[in-house]
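Engineer: Next come a sequence and a model predicted from it.
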Amino acid sequence: MRPKSWVSHLRPHKIPFRRRFTRASVALIIRTTESGGKELLFIQRARREGDPWSGDMAFPGGRLQPEDRSARAAAARETLEETGIDLARHGRYLARLSDLITRHHSRWRPMVVTPYVFEWQGPKAVLLNHEVERVVWVPLDFLAAGENQSQLPWPTPIGTLNMPCCRYQGACIWGLSYSMLQELLATGVNARSEIPQ
């Protein structure tokens, strides 16, 4: 088990007054391979002009809709829409990770994103919609290894920031997805048991 970072101590598990913000949720989906290893599902966003996260690696998910019973239900619905992966039928819920704050794609209003962890126990086939270019299953051992961590130069008005990231087969995992990944790894995840809270 990896020690928790100082960031995890500062970030609240549930952001106060989160229901006053626009909310979104994502699904971190783990599966066990035939050899007993564990893999985590990422999507690569479709490339679209004007989308600041076009082509980025992410977890399936999206904004809550009025018909969603909960944020967790929204994560499952969005996952089904984007990938054809039906968490209601073939997924086992494991845990809820900490809320994070980001912004809408097209404007600077804040949005609270809640990650939920599931174990996948269904078929390998996926059915991608127009929002997703591909899905990638990445071994958790690879994601946890120190030698696979890198930095992504990110230009800002005050200069270039070196954002922590993990690169896998030409793809770069960074930003919110990287932050969620680090918290997941810090839990000592085991797809056959619930993650410690």
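Structural biologist: Looks like it came in fine. Being a predicted model, the structure only gives us computed values, none of them experimental.

Engineer: for the residue nearest to the spatial centre of the chain, what are its contacts?
Structural biologist: Nearest to the geometric centre of the chain sits residue 59, at 3.6 Å (CA atoms, centre = their mean). Residue 59 makes contact with 26-29, 41-43, 115, 177, 180, according to CB atoms under 8 Å, 6 or more residues apart in numbering. C-betas here are computed from N, CA, C, even on glycine.

Engineer: Strands along the protein, start to end?
Structural biologist: Assigned by DSSP state E, the strands in the chain fall at 22-32, 38-45, 57-58, 61-63, 91-96, 100-103, 110-120, 132-139, 149-156, 159-168, 171-174.

Engineer: How about the residue nearest to the centre of the chain, nearest residue that isn't a chain neighbour?
Structural biologist: Ranked by CB to CB, 6 or more residues apart in numbering and with sequence neighbours excluded, the top spatial neighbour of residue 59 is residue 26, at 4.1 Å.

Engineer: And that neighbour, how far from residue 113?
Structural biologist: For residue 26, the distance to residue 113 (CB to CB, to the nearest Å) stands at 6 Å.

Engineer: same deal with residue 165?
Structural biologist: Relative to residue 113, residue 165 is positioned 18 Å away (CB to CB).
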